[in-house]
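> Provide a 3D model corresponding to the input given below.
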Amino acid sequence: MRCWPTAFLSGASAFACALPALTYAQDFQLHGYADLRVVSAADETSFTHGGLGKTRYGSDDGLHFGGAALQATWQLAPAWLAVADVRLQPQHRATVGLTEAFVRYRPVSTDAWRWSFKVGAFFPPISLENDGVGWTSLSMLTPSALNTWVGEELRTFGAEARVEHRSEYGTFEFAGTLFAANDPAGEILFARGWSLSDVVSGVGTRLREPDVYAHMLDVEPPRRYDPFLEIDHRVGYYINATWRAPQFGRVTALFYDNRADPSAYRQTGYDDELFAWRTRFSSFGVQTRLGGVALLGQVLGGTTEIAPPGFRVEAHFSAAYVLASCDFGPWRPALRVDAFTTREDPAFPPALSEHGNALTLALNWRPREWLRITGEALRVDSVRDQRLALNEMPRRIDTQVLLNARILF
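Next comes the predicted model:
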């Protein structure tokens, strides 16, 4: 049912409102940002306009409004926290979207153990780079391919239970989560492959697939779908373990399985179906410092499949990156290297497998607390067989340069 995400968000909101004993506002805060940027775009048509380009901007140089976000946090009581994020993106069909809305209960602890419970809509705890307001990076404008996919197709509509243990060796956390309404996750990796973009899906967003893929399905483009649908009425889960130590940093691992029924589908239009993709993957990340250099590294790999009667296809996918940054007063330079791949099994013409890499350079300058100026150059080198259907060479190099002014509040 399409109402699953709305039901979870409404339930979380009602849960917060049903706590009259806790509704005195200890601390209510609003934070956000707005972006204005000058763009030197890649030559290939961007995925945001139905092309196979790997970057957000393609053939649209000039001055752009990059987007805005608003985050509200309300500390209802020492143990209760409510969070809601709204994001405005001019390139989406639904330009305003709710990206997160949840309530967390974490009682005060005076011993080594602490536990918490969270319910609502929230990002799975995968990304190490998107820790700024509105799920943005403090080092780059454009997230890695790995975290671009997290922002586009993955969202938890459910409940998380987490337990922490603190000792002289650091803090160990273990979390288990049950969720619904993310059955199409994996569709975009099969239809389009990886991309690198700061576009994040909100509730109700409809992702655009490549026009060439729509033609392959005999569907009139543009073909769009909601990645947060419930199709098979099965509950998915993921488990997460994290170790944190001040002298080292953080190590985190996660296993995800949406438990979708690969034979289930929903009719989305005349002679067009959206399938539930059985998506399973593992991710591993490390965050540490070497002298004055902050280092992040993540790797993610898994499979996604559909199996309607008389037909089955599976995609194997993986992505990884390493990011280094350092601070020199108001200046923060950063460098990131990405690698990504998908493999279709069995392969059908036109083949949809790909492999590629990306190099991102960024220089951030924050002369005021409320202003951040960022220059970023992104080069994506990808080989995708699907381009043959457009009578193009499989290999393309997309280069995008951004100069961005971000107003923060």
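> who's the spatially closest residue to Leu371 that is not a sequence neighbour bridged to?
Spatial nearest neighbour of Leu371, excluding adjacent residues (C-beta to C-beta, 6 or more residues apart in numbering): Ile407 at 6.5 Å. In this view, the C-beta of every residue, glycine as well, is placed from N, C-alpha and C. In this entry, Ile407 is beta-bridged to Ala34, Leu371, by DSSP bridges.
> give me the neighbour count for Ile407.
Residues contacting Ile407 under the criterion other C-beta atoms under 10 Å number 14.
> wait, it sits on Ile373?
No. When contacts are counted by C-beta atoms under 8 Å, Ile407 is not listed as touching Ile373 (10.6 Å).
> who are the contact partners of the residue nearest to Leu371?
Residues near Ile407 by C-beta atoms under 8 Å, 6 or more residues apart in numbering: Tyr33, Ala34, Asp35, Trp370, Leu371.
> type out the ChimeraX command that picks the buried ones from those residues.
The buried residues among those can be selected in ChimeraX (16 or more other C-beta atoms under 10 Å) with this line:
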select :33,34,35
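> greatest separation within the contacts of Ile407: which pair is it?
Asp35 and Trp370 (13.3 Å; C-beta to C-beta).
> now Ser137: closest residue in space, sequence neighbours ignored.
Ser137's closest residue in space is Glu129 (C-beta to C-beta, 6+ apart), at 4.7 Å.
> quick one, strands of the stretch 251-400 of the chain?
Using DSSP state E, counting those that start in this stretch, the strands of the stretch 251-400 of the chain run over residues 265-269, 272-275, 278-290, 293-306, 313-326, 331-345, 354-368, 371-384, 395-408.
> TSV for those strands, including mean pLDDT and distance to Ser197?
TSV is the format used below for these (pLDDT from 0 to 100; distance: least, C-beta to C-beta, whole Å):
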stretch	mean pLDDT	distance to Ser197
strand 265-269	86	24
strand 272-275	91	22
strand 278-290	98	19
strand 293-306	98	17
strand 313-326	97	14
strand 331-345	97	12
strand 354-368	98	11
strand 371-384	98	10
strand 395-408	98	9
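> dump the ones you listed into JSON lines; add distance to Arg250 as well.
As requested, the strands of the stretch 251-400 of the chain are arranged in JSON lines below (distance: least, C-beta to C-beta, whole Å):
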{"stretch": "strand 265-269", "distance to Arg250": "39"}
{"stretch": "strand 272-275", "distance to Arg250": "36"}
{"stretch": "strand 278-290", "distance to Arg250": "4"}
{"stretch": "strand 293-306", "distance to Arg250": "9"}
{"stretch": "strand 313-326", "distance to Arg250": "14"}
{"stretch": "strand 331-345", "distance to Arg250": "18"}
{"stretch": "strand 354-368", "distance to Arg250": "22"}
{"stretch": "strand 371-384", "distance to Arg250": "24"}
{"stretch": "strand 395-408", "distance to Arg250": "25"}
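> quick one: which helix or strand includes Val212?
Element membership for Val212 (DSSP states H and E) is helix 211-216.
> so what strands line up beside the helix or strand just after that helix?
Per DSSP H and E, helix 211-216 leads on to strand 224-225 as the next helix or strand towards the C-terminus. Neighbouring strands of strand 224-225 in its sheet, by DSSP bridges, are strand 207-208 (antiparallel).
> ok, Trp243 - how many residues close by?
15.
> got the buried residues for the helix or strand harbouring it?
Element membership of Trp243, judged by DSSP H and E, is strand 236-245. The neighbour-count check on strand 236-245 (16+ other C-beta under 10 Å) flags Gly236, Tyr238, Asn240, Thr242, Arg244 as buried.
> tell me the bridge partners for the fourth one.
Think Thr242. Glu173, Thr252.
> check it and give its pLDDT.
For Thr242, the pLDDT comes out at 98.
> tell me who's in contact with it.
Here Thr242 is in contact with Pro125, Phe172, Glu173, Phe174, Arg250, Val251, Thr252, Ala253 (C-beta under 8 Å, 6+ apart).
> in CSV, list the residues you listed along with pLDDT, neighbour count and distance to Asp232.
CSV is the format used below for these (pLDDT from 0 to 100; neighbours: other C-beta atoms under 10 Å; distance: C-beta to C-beta, whole Å):
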residue, pLDDT, neighbour count, distance to Asp232
Pro125, 97, 19, 25
Phe172, 98, 16, 34
Glu173, 98, 19, 31
Phe174, 98, 13, 28
Arg250, 98, 17, 35
Val251, 98, 17, 34
Thr252, 98, 20, 29
Ala253, 98, 13, 27
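> out of the residues you listed, which is nearest to His64?
Closest to His64, out of all of the contacts of Thr242 and judged by C-beta to C-beta, is Pro125, at 31.1 Å.
> how many neighbours does Asp27 have?
9.
> correct me if wrong: it contacts Trp74.
Yes. Assessed by C-beta under 8 Å, Asp27 is found in contact with Trp74 at 7.4 Å.
> overlap of the contact sets of those two?
With the criterion set as C-beta under 8 Å, 6+ apart, the contacts of Asp27 and Trp74 do not overlap.
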